[in-house]
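In: What follows is a protein structure lacking sequence information:
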């Protein structure tokens, strides 16, 4: 045939509060059908513990429900929007999910939480990425690795996080041995869902993604895969024993996780045997859906941010301190994937407007308009964006927010703008750290609702970072990236980069750094760094004696400008 | 006669937004009549400039109106409440007023602002105590004195403030030479009002109070009164020329400012010739009305605080760095008066509740109730109380607020409590500085609406400072103190201390330090001091690396307690 056949793939994205499915045209990335299903349990899908702010879990049954329902509804939506579409034209499936979000499973790969014995037990659920209950275990892993396996830490930025795989599992062992005992294995949600679609009934047979393995589980081929048994035994002998029930090798998305099993083919109304992509974390697939490439940082801005960059693997990027990881193949095969992130962005604005001021979406808009009328420095304020800790480059959950420069005239909009600026300074710290280690960044492509809705934030980020800020064309970049991975497995494109070029794009609006604002923001950034280093423990001899006065000078200067 | 005749005195208190008069029974201090008159001009009596947040002026015509109206109404009120009362039984008058609040007058002691040429000119009005427009001049005075007359500064804590006499007058000279030229002299409001009652028509003949002279104008008998001409000329030759139109000697309240003139006797309906007390600053008279004595710190808590203590003059207290002044006779004759203060207390709570949260008095109450349910440290927050600068001990208006420890769960009540605690830590800094220089403080007697209404604040202050906190019996302590001064001049009591013992008292409620809270507040205070010294410029090698983590430990500890 002169023209390739019309063909589609199905991409899923399992987020923090809901799951989404999109049906994507493999020729151009057009999303012809989509559906969102909110997780029915807990608070917006999250199981909380009022006595323990750090706890955040999800019900695996919610994920399975959403997998079926979102898939079916997206396919129906595609049929409505595109009369020529038929489920038989779907040629593959990819799944993105949050992480590190491990869940305990039995020897048949069934979630313990689906067993009536454990249905009501929070520790048997999926441990959501933002669960911070395992701070102590994460510190112990860091200390042990510092002493015994410093190369493990170098790869993931120098500090093991409470958000990650081993810390969570170890914490479960400490607080709920029953659950730990009953678990045959633990599986990342982003591995569990593809495996479920493939009908895999032994956790040892799951083709796990190198994205989760390398960034969250200290996996690397050059030291033989997962951490060695001796190291794990130094943490706890039972963690060493668990190693045999995990995996010896992890995979990038150039291979399939398996093929659609009859049961799930029937549930979704799709052909048996479709290739299922190896899973990646949501933002990594999102980076693909945003067109990540050398020189382009992809930033998914939501409640928190996740930042992704790639460097061709033959460039051999060094380990980068404070960056969540440099993992070969984690995003695109043949490239080193680099992940960083900010622990809270949208969550900080939400806290301020809704949690403190008691406002709603309209208040967000009014405050944005008022904040937009201010010049850089005019509020006299400076904030640290650490209300949920610092993920990059300090990797320290036990940090908190700071606001400085208040007078008796400081307004809610002044503070709103200062909080946006604080997150922009946090973004700049990451970009500068990457550049310092040889990762070129000249452009930032954003995805996520906040980037889409808040032009003020985009302009401030451009002014603060000095980078052109763009928006990805797709508003469902994570699901799109998963769908793109499936096109290559289905033979619809020869490789990922070709598929990406055909199926992704940018919106027209570009935010360029305003040269009039650079000097003030450069000065504010040096003050931000001073607070960052003082409170973040980078220095124990901080000179903060002029911070307030410099802010007052900037304020006075901006008011007169 | 076996019983002394029933006799009364009239006390005035010219505050920031209104003036008050009370008619007081000289036997027991009972206030048998009172009246409040709000200043009619500006915003709550204050003339503001939207382009200049630092500016705060008052209209002298408002003061004169209030002097007459409040006096007349208070006397009428006394007649209503006490049938035996007659104006003829009034035996003297005292006047307290804010300061340093100087106003320019012509050679006949008429306010320039009452001249139609200057009626609309903000610089011709009374420069209210909290006007901070003269920050630059205050710094220049400090620098010049450091170089040429360090003993001037030692007496007033080491730094000349933008709130004080010479800085304000010099600033007027810099920005409005017309007003400066037209002014024959400048008079503190607390001197101007007694002089007006006495009918004094030459500013050089006013008996000025040593309280304002010593604390605000660098006056001290041991260096010959006001600063010498050479020093003033080093600031500006015209300030040296002004010296001759001011005063050679200032007085404590053991002498009268003069006697009631016929004009004002008629306006008030009182006998001509009544003794009029030399003026004192409101809080100094307030200290007398609260029963200030050795070992008792009097704290007037309002928008800001003013703290007063006394030490018998033969104890020879050293100059105390950072304390607004040690001035012989400023409060009580025969005692060294010591003044300190916090630049904002009530104003900070008002800013938070009304300015930021958009709340009202009911919201203040709800937040107080919520904040009262928290344990020390439980919010995880720590704040600096510098939204309006720091008066004591840093004496630096160019400092600003700070809030630290916010998470995504921090509530408005958490912050409200942290702000109360911050002002308590600020209070403790003052008390510790006084003790360090040999001024004994074991009890704090408070006056002012906030102390009266907010039991939570009083308990927190007790817990943080370790002092018993009491409330003065009178809620009009400043006016009462002025009335007490008049009783001695009228011969109704042999001396001030005797008058004070007869006419003042405490309310029954006492707030004792809760030993369960001391350790946590001691730890929080050390963290407060660390921020205080780092941002206040006391140190340029601050170690703040553990501040956030220590707060989180305290929080976790308090939640578990």
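Out: Received it, and whenever you're ready, just let me know what you need. The model shown is predicted, which means the values in this text are computed figures rather than measured ones.

In: got the contact list for residue A:158?
Out: Each residue near residue A:158 by CB atoms under 8 Å, 6 or more residues apart in numbering or on different chains is listed here: A:321-322, A:395. For the C-beta atoms, the positions are set from N, CA and C on the backbone; glycine is no exception.

In: Just the buried ones from those residues, in ChimeraX syntax?
Out: This is the ChimeraX syntax for the buried subset of those, where burial follows 16 or more other CB atoms under 10 Å in any protein chain shown:
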select /A:322,395
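
In: Please flag which of the contacts of residue A:158 sit within strands.
Out: Using DSSP state E, no member of these falls in strands.

In: between the contacts of residue A:158, which is closest to chain B?
Out: Minimum distance to chain B across the contacts of residue A:158 is 14.2 Å, recorded for residue A:395 (CB to the nearest CB).

In: burial of the closest residue to the closest one other than its chain neighbours, as a residue count?
Out: In this structure, residue A:395 finds its nearest non-sequential neighbour in residue A:159, 3.6 Å apart by CB to CB, 6 or more residues apart in numbering or on different chains. Using other CB atoms under 10 Å in any protein chain shown, residue A:159 has 22 other residues around it.

In: ditto for residue A:494
Out: Neighbour tally, residue A:494, other CB under 10 Å: 9.

In: same deal with the one 4 residues further on?
Out: Neighbour count of residue A:498, defined by other CB under 10 Å: 13.

In: Touching the strand or helix carrying it from outside, list them.
Out: Element membership for residue A:498 (DSSP states H and E) is helix A:496-503. Defining contact as CB under 8 Å, 6+ apart, one finds that helix A:496-503 is touched by A:24, A:26-29, A:253-254, A:288, A:291-293, A:332-333, A:480, A:483-485, A:487-488, A:492-493.

In: tell me the mean pLDDT for that helix?
Out: Average pLDDT, helix A:496-503: 96.

In: repeat for stretch A:311-323
Out: Confidence for stretch A:311-323, expressed as mean pLDDT, is 85.

In: Next: stretch A:364-375.
Out: Averaged across stretch A:364-375, pLDDT comes to 97.

In: is it anywhere near chain B?
Out: No - if you take CB under 8 Å from any CB of the partner chain as the test, stretch A:364-375 misses chain B, and the best it gets is 11.8 Å.

In: Any idea how far that stretch is from the middle of the chain?
Out: Mean C-alpha position of stretch A:364-375 versus that of the full chain (CA atoms, centre = their mean, to the nearest Å) differs by 28 Å.

In: Give me the contacts around that stretch.
Out: Under the criterion CB under 8 Å, 6+ apart, residues A:349, A:353, A:359, A:411-414, A:416-417, A:420, A:454, A:456, A:517, A:520, A:558, A:561 lie in contact with stretch A:364-375.

In: rerun that using 10 Å as the cut-off
Out: A:349-350, A:352-354, A:357, A:359, A:379, A:381, A:411-421, A:450, A:453-457, A:459-460, A:516-517, A:520, A:554-555, A:557-559, A:561 (CB atoms under 10 Å, 6 or more residues apart in numbering or on different chains).

In: Intersect the residues you listed with the contacts of chain B.
Out: Counting by CB under 10 Å from any CB of the partner chain, A:350, A:352, A:357, A:359, A:381, A:411-412, A:414-415, A:419, A:555, A:559 from the contacts of stretch A:364-375 sit close to chain B.

In: would you turn those into JSON lines with pLDDT, neighbour count and secondary structure?
Out: As requested, these are arranged in JSON lines below (pLDDT from 0 to 100; neighbours: other CB atoms under 10 Å in any protein chain shown; DSSP: H, G, I helix; E, B strand; the rest coil):
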{"residue": "A:350", "pLDDT": "97", "neighbour count": "17", "secondary structure": "helix"}
{"residue": "A:352", "pLDDT": "98", "neighbour count": "27", "secondary structure": "helix"}
{"residue": "A:357", "pLDDT": "98", "neighbour count": "19", "secondary structure": "coil"}
{"residue": "A:359", "pLDDT": "96", "neighbour count": "18", "secondary structure": "coil"}
{"residue": "A:381", "pLDDT": "98", "neighbour count": "26", "secondary structure": "coil"}
{"residue": "A:411", "pLDDT": "98", "neighbour count": "16", "secondary structure": "coil"}
{"residue": "A:412", "pLDDT": "98", "neighbour count": "21", "secondary structure": "helix"}
{"residue": "A:414", "pLDDT": "98", "neighbour count": "24", "secondary structure": "helix"}
{"residue": "A:415", "pLDDT": "98", "neighbour count": "24", "secondary structure": "helix"}
{"residue": "A:419", "pLDDT": "98", "neighbour count": "27", "secondary structure": "helix"}
{"residue": "A:555", "pLDDT": "95", "neighbour count": "20", "secondary structure": "helix"}
{"residue": "A:559", "pLDDT": "84", "neighbour count": "15", "secondary structure": "helix"}
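
In: Which of the residues you listed lies at the shortest distance from chain B?
Out: Closest approach to chain B among these (CB to the nearest CB): residue A:412, at 5.6 Å.
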